[in-house]
Structures are given as structure tokens and as C-alpha cells.
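Asks: Need coordinates for the following:
(chains A and B)
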2 protein chains.
Amino acid sequence: MIRPFVVGLVAMALALPLPALAQSADLRAQVEKMDQAWEKAYNAGDAAAVTALYTKDAKVMAPGAEPASGTKAIQALFEGAVAQGVKNTLTQEDVVGFGDYALETGKYVATSADGKHLDHGSFMTLLKKVDGGWKIHRDTWNSSMPQK
Amino acid sequence: MIRPFVVGLVAMALALPLPALAQSADLRAQVEKMDQAWEKAYNAGDAAAVTALYTKDAKVMAPGAEPASGTKAIQALFEGAVAQGVKNTLTQEDVVGFGDYALETGKYVATSADGKHLDHGSFMTLLKKVDGGWKIHRDTWNSSMPQK
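Replies: Residues are numbered from 1 along each chain as shown, chains lettered A, B, ... in the order given. Purely as a prediction, here's the structure:
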């Protein structure tokens, strides 16, 4: 009579945390898909496509500029940014989800068109679910390199 | 018979949004209290008191430095920062709450001990409820001033 009891305990131990873990892994994957869409649009120099990933009332706090709020200001910001020809690679670190919002932190590496390292740093992004899909609602980043 | 009906409608219109607004205003006030505690500790040069406002597994992504994770690294970061004698003033912008988490964005102004403007920029902070009180769980900021 010990065996079924142990099997029952193992099944419970396995069953209880799994839904939470599965949901978390799924959320990470959903947010990573957004990162990849951002990278693809940015590295193609397509400021309109980058801007389309943000909510209509998003706020982007880029270093070296006053915060940009709303579609028009955000697109102007990214038009200036992509014009420099810099390519960005994003790496997800942690994701915390809360219903219709998710917060991601991660790292970026910026390289020139010919692959030279220009900059690297951190980003922090609040995503919001809009019409069933994720959009970026708040976004900021900074360089980890020593400041001049 | 019109009057009670109108009064009823006004009462409904007032009553329905109030709980949400009240909660939101309360959350803003709670988060602002945290900002004030941060300012007070930072401007007193008390790195340990600043660090005590963060969760044990917090991450601080300061500009010009690799991210600092955990109490020891965060205290070392703030010891270096407060040693420069800079005073910070924080102004809350928007707060989004989701149960045990809240995300705040805002602006900072950094001045020298004699009140000279040194820097200003944005911050973005994820707060987490720990043992019934708010702690800072993720924190980052950057300067809005043109980069050299």
C-alpha cells in the first residue's frame, strides 16, 4: 500500500507547480516574440513598424531625450534612431506577468552595420494586452558602459 | 418624479467609478511615499537606508554600470552614488497597479549640494508588495540631457 501513496505524492508534486510554470514559460515566449518583432523592425530601419508595436498612449523614455508619449512622438524618436544605421540585439532576462500586463527586463547590444560593438546596456519594458495581443506600453533603456 | 430619478443617476455616476479612482489615488499616494523615503535616504547619503527600500532579489539598472542584483550589489552601487554628494528630487508621473505589483514612471532632477542643476531624466520602477508593504523590485533611470 506504500507504492500508490508515493506515486500519488509524486503526481501531486508534479501536478501542482506545472500550470504556473507552463504559463510563465508561455508568457516568456510571447514577450520574446515581441522582442524579435522589435529587433526585426528596428534593424530593417522601419520606424513605422517599430512604432506599431507600441500602444497608442505608450511612453518611451530613451536616454538623451525627453520622454516621447504617443504614436507621433514615438515614431519621430525611432525615425531619428534608425537613421543612424545601428543594429540592436535584445536578450530577455526576467519577465513578471500580471494579467493584462507583463514587465520584462533584458539586455541589448548595439552594433554598427559592419558588426562593430558600439554599446551595450539594459532595458525595462511594460507590455499591455490590447485586443488580445501584446503591445509595448512603457519602455526605457540605458547604457551599461562607463559614462563619458 | 423627475428629480429622484436624476438624483439616482447622478448617484450612480458618482458611485460607480469612485472605488476604482479611490484605489488608484491611494496607490499613487503609497508609491509616492516610497519615492519620498528614497529621496530622504539618498539625500542623507545613507546607502543602507536606500538599499533597505529594495527587495532582497531586486535588480537596479543604473546608467553607466552593469545591472546590480541583490542587496549586496545594490548597496555597493548606492554607496558609490551617494558619495558624490548629489541630491535627487523625484516627481511621480503615472502609476499602474496590478495586485502585488505596481509600476511607476517619473522624473528626477539631480542637483549639487549647493543646489546647482546637474542632470534631469526619467525613472521606471516596479514595486512589489512584501509582507504587506511596498518594496522596489526593479529600478532603472536615464538622463534626458543630450548625450556627450
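Asks: how about the residues of chain A that lie near chain B?
Replies: A:59, A:61-67, A:94, A:96, A:98-99, A:101, A:103, A:105, A:121-122, A:124, A:126, A:138, A:140-148 (CB under 8 Å from any CB of the partner chain). Bear in mind the C-beta positions are built from the backbone N, C-alpha and C, glycine included.
Asks: Filter those down to just the ones in strands.
Replies: A:59, A:61, A:94, A:96, A:98, A:101, A:103, A:105, A:121-122, A:124, A:126, A:138, A:140-143 (DSSP state E).
Asks: Can you flag the buried ones in the residues of chain A next to chain B?
Replies: A:59, A:61-63, A:65, A:67, A:96, A:101, A:103, A:105, A:121-122, A:124, A:126, A:138, A:140-144 (16 or more other CB atoms under 10 Å in any protein chain shown).
Asks: so residue A:110 makes contact with residue A:123?
Replies: No: look at residue A:110 against residue A:123 with CB atoms under 8 Å: they stay out of range, at 11.3 Å.
Asks: Which one's more surrounded, those two?
Replies: Comparing residue A:110 with residue A:123 by other CB atoms under 10 Å in any protein chain shown, the one with more neighbours is residue A:123, at 23 against 17.
Asks: can you tell me how far the nearest residue to that one once chain neighbours are set aside sits from residue A:65?
Replies: Once flanking residues are discounted, residue A:123 sits nearest to residue A:141: 3.8 Å by CB to CB, 6 or more residues apart in numbering or on different chains. Counting by CB to CB, to the nearest Å, the gap from residue A:141 to residue A:65 is 12 Å.
Asks: which residues touch stretch A:48-58?
Replies: Stretch A:48-58 has contacts (CB atoms under 8 Å, 6 or more residues apart in numbering or on different chains) with A:34, A:37-38, A:40-42, A:60, A:69-71, A:74-75, A:78, A:82, A:128, A:130, A:135-139.
Asks: how about the CA coordinates for stretch A:44-61, as CSV?
Replies: This file holds the C-alpha atoms of stretch A:44-61, laid out as CSV (Å, rounded to 0.1, in the frame of the first residue of the first chain):
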residue,chain,number,x,y,z
ALA,A,44,15.3,47.0,-41.0
GLY,A,45,15.2,50.7,-40.3
ASP,A,46,11.4,50.7,-40.3
ALA,A,47,10.4,53.3,-37.7
ALA,A,48,6.7,52.9,-38.5
ALA,A,49,6.8,49.1,-37.9
VAL,A,50,8.7,49.7,-34.6
THR,A,51,6.0,52.3,-33.6
ALA,A,52,3.2,49.9,-34.5
LEU,A,53,4.4,47.6,-31.7
TYR,A,54,3.6,50.3,-29.1
THR,A,55,0.2,51.2,-27.6
LYS,A,56,-1.4,54.5,-28.8
ASP,A,57,-0.7,56.0,-25.4
ALA,A,58,2.7,54.5,-24.8
LYS,A,59,5.7,56.4,-23.3
VAL,A,60,9.3,55.8,-24.4
MET,A,61,12.0,57.2,-22.1
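Asks: buried ones in that stretch?
Replies: A:45, A:47, A:49-51, A:53-55, A:58-61.
Asks: Can you tell me which of those is nearest residue B:25?
Replies: residue A:59 (20.4 Å; CB to CB).
Asks: Could you pull up the residues touching that closest one?
Replies: Applying CB under 8 Å, 6+ apart, the residues near residue A:59 are A:67-69, A:137-139, B:94, B:105.
Asks: coming back round to it: can I get the buried part of the contacts of stretch A:48-58 as one PyMOL selection?
Replies: In PyMOL syntax, the buried subset of the contacts of stretch A:48-58 is picked out as below (16+ other CB under 10 Å):
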select buried, chain A and resi 34+37+38+41+42+60+71+74+75+78+82+128+135+136+137+138+139
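Asks: on that earlier part again, would you confirm that the residue nearest to residue A:123 contacts residue A:110?
Replies: No: under the criterion of CB under 8 Å, residue A:141 makes no contact with residue A:110, lying 9.9 Å away.
Asks: What strands line up against the helix or strand hosting residue A:55, and which way round?
Replies: Element membership for residue A:55 (DSSP states H and E) is strand A:54-61. Here strand A:54-61 has these sheet partners by DSSP bridges: strand A:68-69 (antiparallel), strand A:133-143 (parallel).
Asks: Residue A:29: which of those is closest?
Replies: strand A:133-143 (11.2 Å).
Asks: No more questions from me, cheers.
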